[in-house]
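Asks: Curious how this folds, go ahead:
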Amino acid sequence: MNMTTQIDISERRSQSYQLIDELMMLRTEMLAQYSMLGSARPFEKNDETITAIQDFCQALVDYTADAHFSLYRFISEGKERRAQVLDIANRVYPKISETTSIIITFNDKYDNQKHCEESLGMLEKDLSYIGEVLADRIENEDSLIRVLRSERK
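Replies: Numbering: from 1, shown residues only. Here you go, the predicted structure:
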C-alpha cells in the first residue's frame with residue numbers, strides 16, 4: 001500500500017468516525033424527545049402534547065435520514081472495503097431498513113396537528129411499539145458502528 005492510499009483510507013475513516021458521531025448526537029436528541037414525550041402522560045389534546053409529538057417526530061426523522069444518507073451511504077456506494085464491515089452490514093442493514101419503514105409510518109401518522117389530534121387515542125400503544133422498534137434498530141446500528149470504529153483494515 002502506498003502513502004497516498006494510506007492517506008485516502010485514513011481520510012475515509014476519519015469521515016466515517018465524524019458521521020458516526022453526528023448520528024450518535026441525533027440519536028441522543030431523538031431519545032431525549034422520546035423520553036420527554038413519554039413523560040407527558042396522560043396524553044391530552046392540547047398544544048403542549050401536540051408540540052411534544054411533533055418535536056419527537058422531527059428528531060426521529062432527522063436521526064433516521066442521517067443514518068441512511070450519510071453513514072450507510074459509504075456501504076451502499078461501495079466505498080467500504082473492510083470485509084468485516086461488509087459482513088455485518090449485509091446482516092443488519094435489511095433489519096435497519098425494516099425499522100425505517102415503521103418509523104416513516106409513525107411519522108406520517110403524527111407529523112402534523114391534525115394527524116396528532118386524530119391519532120392521539122393510539123399514541124400510548126404506538127409509542128410503546130416505536131420504542132421497541134428503536135431498541136432493535138439501535139442494537140443493529142451499534143453492531144455496525146462497533147465494527148466501523150475498529151482499527152482493523
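Asks: so the closest residue to Gly131 other than its chain neighbours is in which element?
Replies: Closest residue in space to Gly131, ignoring its immediate chain neighbours: Tyr34 at 6.9 Å, by Cβ to Cβ, 6 or more residues apart in numbering. The way it works is simple: take the backbone N, C-alpha and C, and place the C-beta from them, glycine included. Using DSSP states H and E, Tyr34 sits within helix 3-38.
Asks: With Arg41 instead?
Replies: With DSSP H and E as the criterion, Arg41 is inside neither a helix nor a strand.
Asks: State whether it and Ser128 are indeed in contact, as I suppose.
Replies: No. Contact criterion Cβ atoms under 8 Å: Arg41 and Ser128 do not qualify, at 11.3 Å.
Asks: Spit out the residues that contact these two alike.
Replies: By Cβ atoms under 8 Å, 6 or more residues apart in numbering, Arg41 and Ser128 have no common neighbours.
Asks: follow-up on the earlier one: contacting residues around the residue nearest to Gly131?
Replies: Tyr34 neighbours (Cβ under 8 Å, 6+ apart): Phe56, Ala59, Leu60, Leu127, Ile130, Gly131, Leu134.
Asks: was I right about the first one contacting Ser35?
Replies: Read that as Phe56. No. With contacts defined as Cβ under 8 Å, Phe56 does not count as touching Ser35, sitting 9.4 Å away.
Asks: which of these two has more neighbours?
Replies: Phe56 (25 against 12; other Cβ atoms under 10 Å).
Asks: Give me the helices and strands touching the helix or strand hosting the more buried one, please.
Replies: Assessed by DSSP H and E, Phe56 sits inside helix 47-66. Helices and strands touching helix 47-66, by 3 or more Cβ pairs under 8 Å, 6 or more residues apart in numbering; DSSP states H and E, are helix 3-38, helix 83-110, helix 113-119.
Asks: May I see the ones you listed arranged in JSON lines, with mean pLDDT and distance to Val147 as well?
Replies: Shown next, in JSON lines, are the helices and strands packed on helix 47-66 (pLDDT from 0 to 100; distance: least, Cβ to Cβ, whole Å):
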{"stretch": "helix 3-38", "mean pLDDT": "81", "distance to Val147": "11"}
{"stretch": "helix 83-110", "mean pLDDT": "92", "distance to Val147": "5"}
{"stretch": "helix 113-119", "mean pLDDT": "89", "distance to Val147": "38"}
